[in-house]
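*Asks:* This is a predicted model, with the sequence first.
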Amino acid sequence: MDSYQFETIVSAPFDQNAYVVWRSDRTDALVVDPGFDTDSIDRFLARKGLTVAAILNTHGHADHIAGNRTMKLRHPSAPLVIGRGESQLLEDPKLNLSAGFGLNLTSPPADRLVDDGERIELAGFDLLVREIPGHSPGSVVYIADQLSPPLAIVGDVLFAGSVGRSDFPGGSSQTLYSGIRSKLFTLPDSTVVISGHGPVTTTGQEKLDNPYVGQGA
């Protein structure tokens, strides 16, 4: 088995999961979807002696980008990465849904835009990018498919026993379901799935019994 680790940092008020992901033999890490609790992220990084190699966004909804600005200020050399189809959400409070909560939240622009099928190498990870819209216009998942077991960082595309909401602007349940089946469920059953909310799961578990996209759906 390849040795990688991840830490989940849950942020109020949306119980959103941010992640620190790193290889056990390295001291640089990925920060994924930094939410409102950036202080806890930085305390964890300091405790483990980790530096930030990159800040990854799976999509541009407010709870997943709330910490982008602070993380970029604290770690200016770390590139901010997001899918090309989500880039406009970073700087538009209406599109990123923060305006509806009276927050008018914005993020710095991305340093790097990624596309479906692209591979990026960061912090010792070879990540395959897959675009799976339906929850948001251009959500991407980051898949470390060369590891054993593989790791899929999926944001709000797929959850343990559920899927992302599709009633937001640009949403489509059928597009979401199709993307999950064609771009996640083709991965090995052992693939570890870390989501934007809720517990860790695997592709095999979700294929078996997810009520929306599993065998019985």
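*Replies:* Arrived safely, thanks for sending.
*Asks:* Every contact and neighbour count from this point should use C-alpha atoms.
*Replies:* OK.
*Asks:* gap between the two ends of stretch 68-80?
*Replies:* Taking Cα to Cα, to the nearest Å, the span from the opening residue of stretch 68-80 to its closing residue is 8 Å.
*Asks:* Same check on stretch 99-112?
*Replies:* Taking Cα to Cα, stretch 99-112 runs 25 Å from one end to the other.
*Asks:* what about it, average pLDDT?
*Replies:* Per-residue pLDDT over stretch 99-112 has a mean of 93.
*Asks:* buried residues in that stretch?
*Replies:* Residues of stretch 99-112 classed as buried: 105-107, 109-110 (neighbour count, 16 or more other Cα atoms under 10 Å).
*Asks:* Need these in CSV (columns: distance to residue 58 and secondary structure).
*Replies:* As requested, the buried residues of stretch 99-112 are exported to CSV (distance: Cα to Cα, whole Å; DSSP: H, G, I helix; E, B strand; the rest coil):
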residue, distance to residue 58, secondary structure
105, 17, coil
106, 16, coil
107, 14, coil
109, 14, coil
110, 12, coil
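*Asks:* Now do the strands in this protein.
*Replies:* Counting by DSSP state E, the chain forms strands over residues 4-11, 16-23, 28-32, 51-56, 80-83, 112-114, 119-122, 125-131, 140-144, 151-155, 158-159, 162-163, 192-195, 201-202, given from the N-terminal end onward.
*Asks:* Adding distance to residue 100, write those out as a markdown table.
*Replies:* As requested, the strands of the chain are exported to a markdown table (distance: least, Cα to Cα, whole Å):
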| stretch | distance to residue 100 |
| --- | --- |
| strand 4-11 | 19 |
| strand 16-23 | 17 |
| strand 28-32 | 24 |
| strand 51-56 | 24 |
| strand 80-83 | 22 |
| strand 112-114 | 26 |
| strand 119-122 | 34 |
| strand 125-131 | 26 |
| strand 140-144 | 24 |
| strand 151-155 | 21 |
| strand 158-159 | 24 |
| strand 162-163 | 22 |
| strand 192-195 | 24 |
| strand 201-202 | 31 |
